[in-house]
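**Student:** Sequence first, then the predicted structure:
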Amino acid sequence: MIRLSVNVDKVATLRQSRGGDEPDPVAAAVICENAGADGITVHLRADRRHIQERDVRLLREVVHTELNLEMAATDEMLRFALEVRPDQCTLVPERSEELTTEDGLDVLAVRDRLPGFIGRLKDAGIRVSIFSK
């Protein structure tokens, strides 16, 4: 059971705001694991405002605990998750105008699409959780 999963999105936000390569969320994740974190969490948003696909791919290679990918329930994100194969995907809502995730997923609004979406992730051996209202 994961007790502490550290979200390194803010490290990526700082990197993106500076327009360079530092600070590196992958390096931050390694530090967190070495300090005893049970897992690493990142949110790959459709607009790629902080975490980038490259970050997630590198994290998949270096994270030795658990990698949790927060993502919207979209076809694009499903394809990416099936390619990268994090240990867990957490389905979250996503609105372009929000600075960070402000609310839980309205499960009733997406209830028709969730079973198939979740099924594909589970068939790939990926645990699924939902950050819901």
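**Tutor:** Now that the structure is in, tell me what you want to look at. Numbering: from 1, shown residues only.
**Student:** secondary structure class for the closest residue to I118 other than its chain neighbours?
**Tutor:** Excluding the flanking residues, the one nearest I118 by CB to CB, 6 or more residues apart in numbering is V128, at 4.9 Å. For every residue, glycine as well, the C-beta is placed using N, CA and C. Assigned by DSSP: H, G, I helix; E, B strand; the rest coil, the conformation of V128 is strand.
**Student:** Read off the pLDDT value for V128.
**Tutor:** Predicted confidence (pLDDT) for V128: 97.
**Student:** Run a quick neighbour tally on it.
**Tutor:** The local packing of V128 (other CB atoms under 10 Å) involves 16 other residues.
**Student:** Next up, the contacts around it.
**Tutor:** Q88, C89, T90, L91, I118, L121, K122 (CB atoms under 8 Å, 6 or more residues apart in numbering).
**Student:** Before we move on, what's the pLDDT of the fourth one?
**Tutor:** Right, the one you point to is L91. Per-residue confidence (pLDDT) for L91: 95.
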